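Colleague: Sequence and predicted structure below; questions after.
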Protein chains: 2
Amino acid sequence: MKVGFIGLGIMGAPMAANLVKAGFEVTGHNRTMSKVDTLVAAGGRAADDVAGAVADADIVITMLPDSPDVRAVVLGDDGVLAHAREGTVLIDCSTIRPDVSREIAEAASARGVQALDAPVSGGQQGAVEGSLSIMVGGPAEAFEAAHDVLDAVGGTVVHVGPAGAGQTVKAANQLIVAGTIELVAESLVFLEAHGVDTEAAIKVLAGGLAGNRILDRKAGAMVRREFTPGFRVELHHKDLGIMQDAAREAGVVIPLGAVVAQLMAALHAQGHGGLDHGALLKLVEQLSGRADG
Amino acid sequence: MKVGFIGLGIMGAPMAANLVKAGFEVTGHNRTMSKVDTLVAAGGRAADDVAGAVADADIVITMLPDSPDVRAVVLGDDGVLAHAREGTVLIDCSTIRPDVSREIAEAASARGVQALDAPVSGGQQGAVEGSLSIMVGGPAEAFEAAHDVLDAVGGTVVHVGPAGAGQTVKAANQLIVAGTIELVAESLVFLEAHGVDTEAAIKVLAGGLAGNRILDRKAGAMVRREFTPGFRVELHHKDLGIMQDAAREAGVVIPLGAVVAQLMAALHAQGHGGLDHGALLKLVEQLSGRADG
């Protein structure tokens, strides 16, 4: 089966490599062409433009930063829908606004292409391991057709509803992830201020009802003040905007979501958009007068 | 080895039963004597008063609701320290203020008794399974002496520092647990409002970076609006007061901790103190105008 893959960043590159490993013929394209080299080294092919990646593909995957990028690459004059064959399944793994996913699904359908919104969670580590959690919205038959491809990059692949539903679940995911990082950050600064052994504390916190994947995967780096992404503050800031808009649209009040969105916004406003989202710890230190500078 | 156990409530009763199963001679006391029957049925003995539970004990465990209860039972005229033999190890598994734990450790030391503050996490299920997470503060030698007993009721048993340190870690634990319940509650109401299949969503959220023990153990009951405790709002409200005082004492600012403490306080003020803490979901519904009444 032939897969076209557009967007070979921190997440896209290891996902495309896992597809090659699983036996798919992968042709990749990236705006910055140098990033295609990793895919070629892994056994994939390079395409100079979107057309080259999608013209022969059975399945096209897009993994891009934000809604305008996806709209341009999919709906643009020289975009995916202009070149994809009828019957192609388009899997957008980007995290974007649910209404844009629905707009894309409609435009695709008009061209005989079935679209799935399939945002992922699990970070760079999950992308490398092929253990991503993938929340999929769109027609059930497209989900079936895409299942083998999704299984090659994901560990937990779940069809959650019609077009846009994947993005809605991803918005909830980003609310929980940001909130949990902040809860762990507040706890770590609190424990340090009390002189508690944080390594021992992380171990025992992880074993009880407070257990979560941030304690398992990120708390150690946070204690060491290692904020190399991983997942960048600027992207999580964007995702929390999507989450707040979607909550407002549904008339749902989210007090913790609102506060953590403001904290992430502060980190972004202070010029820390390029750091890992674990850097929320820096803000707790700053608020508490414990920042180094 | 003889263990005296005082406080046989939702948590204490199954912990005492697990000690009997592990081969310890357990003598239990509870203010409401009928609760001792479960322990006797499990193979333990009943004591009419604190003196009867502690006079022959090598190790005394207390598992009580709040700081004043522990102070009365341990420091009172007819309390644990008035009757315990020299060399006894006192393990207080209650969640109380760190300064009260330090006060008790000093009073115990003056009587030749070594005290550990050893609050637990994992809820009723963890108590029944013997899989509790136990955060222990106090002298290393007392921790060694108590290790077999703690292992019989806990799955993750960690010495985190001197007297009071167990309570400090437990305060962080209660911050993370309350905050995570609220994040899951906001997410579930948000997903329901968007018509997403919450069962599928919980599965995929649990598989990614948003994964946590609240999604694993409590989200299902929250979706079904089952709020039988479990762990009562009134106790978590008390614990968040301890957490806020301890953060203030250390000069640490905890924005999410402050908001979730207010939400728990609202639930308590509305007369829901007897419900499981998963009832934070009711408050999100109420705030969003989606409450049934």
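Modeller: Alright, I've got the coordinates.
Colleague: For the rest of this, base every contact and every neighbour count on C-alpha atoms.
Modeller: Noted.
Colleague: Helices along the stretch 101-250 of chain A, start to end?
Modeller: A:123-129, A:140-153, A:165-193, A:198-207, A:213-217, A:219-223, A:233-250 (DSSP state H, counting those that start in this stretch).
Colleague: From residue B:238, how far off is residue A:67?
Modeller: Using Cα to Cα, to the nearest Å, residue A:67 is found at 44 Å from residue B:238.
Colleague: For the stretch 101-250 of chain A, which residue gets nearest to chain B?
Modeller: residue A:212 (4.0 Å; Cα to the nearest Cα).
Colleague: Hmm, that residue is touching residue A:204, no?
Modeller: No: assessed by Cα atoms under 8 Å, residue A:212 is found out of contact with residue A:204, at 11.7 Å.
Colleague: any weak-confidence spans in chain A?
Modeller: A:292-293 (pLDDT under 70).
Colleague: Give me the longest strand you can find in it.
Modeller: strand A:154-161 (DSSP state E).
Colleague: Could you see whether chain B lies near that one?
Modeller: Yes: using Cα under 8 Å from any Cα of the partner chain, we find that strand A:154-161 touches chain B at A:155-161.
Colleague: Can you name the helix or strand that residue A:281 falls in?
Modeller: helix A:280-287 (DSSP states H and E).
Colleague: Taking their axis directions, that helix and helix A:233-250 sit at what angle?
Modeller: 90 degrees (axes from the mean of the first three to the mean of the last three Cα atoms, to 10 degrees).
Colleague: And chain B, is helix A:280-287 touching that?
Modeller: Yes: under the criterion of Cα under 8 Å from any Cα, chain B is reached by helix A:280-287 at A:284-285, A:287.
Colleague: List the buried residues in that helix.
Modeller: A:280-285 (16 or more other Cα atoms under 10 Å in any protein chain shown).
Colleague: Equivalent analysis for stretch A:200-217, please.
Modeller: Buried residues in stretch A:200-217 (16+ other Cα under 10 Å): A:200-215.
Colleague: How about the contacts made by the residue nearest to residue A:185 when sequence neighbours are not counted?
Modeller: Leaving aside its chain neighbours, residue A:185 sits nearest to residue A:281 (4.7 Å; criterion: Cα to Cα, 6 or more residues apart in numbering or on different chains). Residue A:281 makes contact with A:182, A:185-186, A:189, A:222, according to Cα atoms under 8 Å, 6 or more residues apart in numbering or on different chains.
Colleague: doesn't residue A:15 fall inside a helix?
Modeller: Yes: assessed with DSSP: H, G, I helix; E, B strand; the rest coil, residue A:15 lies in a helix.
Colleague: Pairing partners for the residue positioned nearest the centre of chain A in the sheet, please.
Modeller: The residue lying closest to the centre of chain A (Cα atoms, centre = their mean) is residue A:120, at 4.9 Å. Assessed by DSSP bridges, residue A:120 has beta-bridge partners residue A:134.
Colleague: okay but it is in contact with residue A:91, surely?
Modeller: No: between residue A:120 and residue A:91 there is no contact under Cα under 8 Å: 11.4 Å.
Colleague: re the thing from before, the residue nearest to residue A:185 and chain B, how far apart?
Modeller: Distance check for residue A:281 against chain B: by Cα to the nearest Cα, to the nearest Å, it reads 11 Å.
Colleague: Same question for residue A:257.
Modeller: For residue A:257 relative to chain B (Cα to the nearest Cα), the value is 7 Å.
Colleague: so what's that residue up against?
Modeller: A:175, A:179, A:244, B:183, B:186.
Colleague: Recalculate using a threshold of 7 Å.
Modeller: When contacts are counted by Cα atoms under 7 Å, 6 or more residues apart in numbering or on different chains, residue A:257 is found next to A:175, A:179.
Colleague: and what of residue A:32?
Modeller: Per Cα under 7 Å, 6+ apart, neighbours of residue A:32: none.
Colleague: Can you pull the phi/psi pair for it?
Modeller: phi -90, psi 100 (degrees, to the nearest 10).
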